[in-house]
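Novice: Take a look and give me a structure for this.
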Amino acid sequence: MGLGRFGGGLDSAKFVACSGAEVTVTDIQNADDIAESLDGLSGFGGIKYHLGGHVEKDFEQADIVIVNPAVLKNNKYLKIAKENGAAVTTQINIFLEKCPALLIGITGSNGKSTTAALTYHILKGAEGNKGVSYRKAWLGGNIGDRPLLCVLDQIQTDDVVVLELSSFQTDYFDKTALSTHMALLTNLTPNHIDRHGSFQDYCEAKEKLFTYQRIDPERRCGCFFCRDDRIGTEWHNKYKQLRECNFFCGDDLSDKIKKGFKLVGRANLNDLAGAAAIAKSLGINDEIINVSEFKPLSHRLEFVLEADGVRWYNDSKSTTPQSLCTAIESFDSPVILIAGGYDKGVSFDQMGAEIAKRCKTVILMGQTAKSIEKAIVNAPDSAGSNVRIHIAGDMAEAVCKARQDAEFGDCVVLSPGCASYDMFDNYQQRGAEFVRMIKGLK
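Specialist: Next up is the predicted model:
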């Protein structure tokens, strides 16, 4: 249920088709809208397709519904399926049930992709070293479009799998009461309130990673929490009576580990500290850990170019107010910020105060432009702020205004603090549009 425009259901559809099941792919979008995803199934005969809307009979007759996590749990078709005895599950849930390897789950509001990628980078680099107990490291989950189910036959018992997990994915963990062996929380700040209804419900969805965590005497198990994060500290104190719990923080990193690390800002050091803490728990010492070749993930405070003494950064993955604040805190140089986008129902008050305090110019666009402008103007210290505020109708205008205001030594940062769905298909398209336009400036 929900093949998706970007192939979110491809791995599940291929897996069950290869398993000999009678498969129906259903999506509310029509064939033209998901043509690229459908191409990915072109070699799989026997799959039925119901596109452009769901059919109740499919859910009445199904034995198993593998649902895209973006589908709300109270969806009426899922209710029909459950009323008719079907099991409702997800790609990740099936993987957790069937994967024989040591599983590491990484979640949080900000930094989970970078932490997962760093963890994998370190573990991959340490393969074969003395004292390292695993054979091979794998990466999957919410990061990119890496398959999981279709590589299950390649994953062995003595392997380790790093999973980046969104709240949409962990929210379904109660369906199987099963999570990972090791679990890490980067931080928690309000996000996806439009989906979960409240910050408390969002936190409860995330906490299922720990609630259903496996305690296996034959495996290395444990929890990891950032000492800088309030909720992480609360959960550390909650779970330390039940299992091994560890704090991590960028301040604790040795000079050896930090050597050559190219990512800027305290938040990225915390992400590195989390990855290093997991690695050390698996027998990897400081001498083996090497992140000098690690490159920032695309759209995550990614340096793009320098033109006329102005440095341009693409942080399109910034979809929360806290991630925007983290981005602008990472720079000592004057910041010209491009922000705004789809409204997820979160407060911009703290974000507005940080923009007023730290930015030279802010260019706002999208649904939230006026709300963010109001938060900046109404910030407690706004009277002493010299931040210039512009409203732009699209990315082209935003980049043009940024260039007009930028001077030698400034940094222009696209860090929207909001989702992209009001103007773009996803944050990748938004970031690519930004990069395309600024590369035309040279």
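
Novice: and the residue nearest to the spatial centre of the chain, what pLDDT?
Specialist: Centroid check for the chain by CA atoms, centre = their mean gives Ser113 as the closest residue, at 5.0 Å. Looking at Ser113, its pLDDT is 92.

Novice: what about it, distance to Ala275?
Specialist: 12 Å (CB to CB, to the nearest Å). In this view, the C-beta of every residue, glycine as well, is placed from N, C-alpha and C.

Novice: Ok, Asn314 next?
Specialist: From Asn314 to Ala275 the distance is 22 Å (CB to CB).

Novice: Assign a three-state SS to the residue nearest to the centre of the chain, would you?
Specialist: helix (DSSP: H, G, I helix; E, B strand; the rest coil).

Novice: can I assume it is in contact with Ser318?
Specialist: No - Ser113 is beyond contact range of Ser318, at 11.5 Å (criterion: CB atoms under 8 Å).

Novice: Which element, helix or strand, includes Leu103?
Specialist: Assigned by DSSP states H and E, Leu103 belongs to strand 102-107.

Novice: Counting by contacts, list what that strand packs against.
Specialist: Packing partners of strand 102-107 (3 or more CB pairs under 8 Å, 6 or more residues apart in numbering; DSSP states H and E): helix 112-126, strand 160-164, helix 167-170, strand 182-185, helix 199-211.

Novice: who touches it?
Specialist: 96, 112, 115-116, 119, 134, 141, 159-167, 170, 179-186, 206, 209, 214, 219-220, 274, 278 (CB atoms under 8 Å, 6 or more residues apart in numbering).

Novice: Which of the residues you listed are buried? Put it as a ChimeraX command.
Specialist: Buried members of the contacts of strand 102-107, defined by 16 or more other CB atoms under 10 Å, are picked up in ChimeraX with:
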select :96,112,115,116,119,134,141,159,160,161,162,163,164,165,166,167,170,179,180,181,182,183,184,185,186,206,209,214,220,274,278
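
Novice: Would you mind measuring from the residue nearest to Ser37 when sequence neighbours are not counted to Met1?
Specialist: In space, and not counting its chain neighbours, Ser37 is closest to Gly7: 4.5 Å by CB to CB, 6 or more residues apart in numbering. Computed as CB to CB, the Gly7 to Met1 distance reads 14 Å.

Novice: higher neighbour count, these two?
Specialist: It is Met1, of Gly7 and Met1, that has more neighbours when counted by other CB atoms under 10 Å, with 24 against 18.

Novice: surely the more buried one meets Leu72?
Specialist: No - Met1 is beyond contact range of Leu72, at 11.4 Å (criterion: CB under 8 Å).

Novice: Quick check: closest non-adjacent residue to Lys208.
Specialist: For Lys208, the spatially nearest residue (CB to CB, 6+ apart) is Phe173, at 4.1 Å.
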